[in-house]
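Student: need coordinates for the following:
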Amino acid sequence: VDLDWMLFRTYMSTNSQIDYPASIWEQLKQKFHDMNDIPKVCLPPEIRGELLRISLHAEITLTTEHWHNGKEGLENLTSDFEEKIETKLCSIDTKTIWLSEEWKRILAELE
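Tutor: Residues are numbered from 1 along each chain as shown. This next block holds a predicted model:
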């Protein structure tokens, strides 16, 4: 399921005065997927740090010392967290996309 597109389409439907036919939605979907550097909204640094701290604490509490000090333990959890914090724990910034010059141009071309 393409959640980013669904979120953006819902935002567009809510904020647009135009009821686009299915063929236009397909064009818009392609334009959306062609975008580079989609703006995102992510957790603030202080929340990220707290979430990592809680995750590490839970790992230490729920696993044996041998496991959390081993290869698959805390170091792996931390690196996995750092990787996912910028992707899985972020959402697209629908408002910024909607108000961008690129999307204004795309929508103007459809009118």
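Student: identify each buried residue in the host helix or strand of Phe32, please.
Tutor: Per DSSP states H and E, Phe32 falls inside helix 22-34. By neighbour count on 16 or more other Cβ atoms under 10 Å, the buried set for helix 22-34 is 28, 32. Placement of C-beta: from N, CA and C, glycine included.
Student: what's that helix packed up against?
Tutor: Here helix 22-34 touches helix 3-15, helix 101-110, going by 3 or more Cβ pairs under 8 Å, 6 or more residues apart in numbering; DSSP states H and E.
Student: what is the mean pLDDT for the helix ranked longest in the chain?
Tutor: Counting residues, the longest helix found in the chain (DSSP state H) is helix 45-62. Average pLDDT, helix 45-62: 92.
Student: what's the offset of that helix from the middle of its chain?
Tutor: 21 Å (Cα atoms, centre = their mean, to the nearest Å).
Student: identify all contacting residues around that helix.
Tutor: If you take Cβ atoms under 8 Å, 6 or more residues apart in numbering as the criterion, helix 45-62 is touched by 42-43, 68, 73-74, 77-78, 81, 85.
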